[in-house]
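Colleague: give me the fold of what follows.
(one chain, ligands or ions: 2)
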Amino acid sequence: MARPARYFGLIPAGGVGKRFGGDTPKQYALLGELTVLERSVNAMLADDRVVRVYVVVSKDDTQAERLFEGHPRVQVLKVAGRERANTVLNALQHLLEQFKIDDTDWVLVHDAARPGLSLSALKRLIDEASTHVAGGLLALPVADTLKKVNRTEDGEVVVQQTVPRDSLWAAQTPQMFRAQALALAITECLYKDVQLTDDASAIETMGISPLIVEGHLENMKITHSADLHTVATLLGLEGKLA
Ligand SMILES: Nc1ccn([C@@H]2O[C@H](COP(=O)(O)OP(=O)(O)OP(=O)(O)O)[C@@H](O)[C@H]2O)c(=O)n1
Ligand SMILES: C[C@](O)(CO)[C@H](O)COP(=O)(O)O
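Modeller: Ligands and ions are numbered 1, 2, ... in the order given. Predicted coordinates:
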């Protein structure tokens, strides 16, 4: 009798926030009383099916360990890599070797930069993607008209064509896959120098189609500094920015 599947959170938090700017990496920016990272971790802990959340930071990061010291369901791994995909793979390899996580277990990869994830969206993702062979991810249907552009010799950005949007969705996180399958897929992609900006695209290269589960606006990613204010407003924290 196979044991029941387990769900593990994996929070890639090893980025430097080039587009965000400033001295502090955006995952450590304050949103009210808590950092962006703490809110993203707490969002994953809200569903008690998530047995443990692994926060993956660079080897010289000392903040994460202080933030989560002694937390029974949070473990800091200082194995972040050059790109997000390297960070995720390094953590997965660590999990598979050290913590005996095997092919029945699910991993939910959630950006540290998405602090607004709701419990209802997390629950829907786990409920629905668990029944899908390839796992799945949160995403939002594109609402704007999309333009493919060219840059002219004098630096102007001009429209090349309008891209039909009716089957385009913007990927969010968490992205939930079987831990071993994701590790194998990312390994293969990195070996073939396939550029990965999310985890689902690695699974897609194996010829399987992850399930899309509708996400929500508050689960937007903090990329540029203005996004911190936007997320604060969406979360009702606008008066509490440092
Ligand atoms: N080598 C990397 C790069 C990114 N990330 C994480 O992946 C998530 C999404 O990445 P992004 O928003 O691009 O963050 P940064 O890489 O920090 O941003 P930038 O590209 O502007 O430097 C973030 O939680 C970031 O900390 C990571 O763990 N390891
Ligand atoms: C994983 C992701 O959040 C899905 O939209 C996005 O691809 C991350 O991109 P980034 O450039 O690493 O922020």
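Colleague: who touches stretch 19-34?
Modeller: 13, 15-17, 35-37, 39-40, 42, 63, 112-113, 115, 222-225, 227-228, 231-232, 235, 237, 240-242 (CB atoms under 8 Å, 6 or more residues apart in numbering). Heads up, the C-betas are built off the backbone N, CA and C, glycines and all.
Colleague: same question but for stretch 231-242, I mixed them up
Modeller: 29-33, 115-116, 217-218, 220, 222, 228-229.
Colleague: what's the answer for stretch 165-172, then?
Modeller: 114, 137-142, 144-146, 198, 200, 212, 215, 219-221.
Colleague: so of those, which ones are in helices?
Modeller: Judged by DSSP state H, the contacts of stretch 165-172 include Ala200 as members of helices.
Colleague: just the contacts of stretch 165-172 that are near ligand 2?
Modeller: 198, 221 (CB under 6 Å from any ligand atom).
Colleague: return the member of the contacts of stretch 231-242 nearest to ligand 1.
Modeller: Ile222 (7.3 Å; CB to the nearest ligand atom).
Colleague: that closest one is in contact with Gly116, isn't it?
Modeller: No - under the criterion of CB atoms under 8 Å, Ile222 is not in contact with Gly116, lying 9.1 Å apart.
Colleague: out of those two, which sits in the more crowded spot?
Modeller: Per other CB atoms under 10 Å, whichever of Ile222 and Gly116 has more neighbours is Ile222, with 27 against 24.
Colleague: OK, contacts around the more buried one?
Modeller: Contact analysis of Ile222 by CB under 8 Å, 6+ apart lists 20, 26, 29, 36, 113-115, 228, 231.
Colleague: look up how far ligand 1 lies from the residue nearest to it when sequence neighbours are not counted.
Modeller: Residue nearest to Ile222 in three dimensions, not counting chain neighbours: Ala113, with 4.5 Å by CB to CB, 6 or more residues apart in numbering. Note on Ala113: its distance to ligand 1, by CB to the nearest ligand atom, to the nearest Å, is 4 Å.
Colleague: against Ala64, how distant is Ala113?
Modeller: Using CB to CB, to the nearest Å, Ala113 is found at 14 Å from Ala64.
Colleague: sorry, back to before: and the contacts of stretch 19-34, which of them are buried?
Modeller: Among the contacts of stretch 19-34, those classed as buried by 16 or more other CB atoms under 10 Å are 13, 15, 17, 35-37, 39-40, 63, 112-113, 115, 222, 227-228, 231-232, 237.
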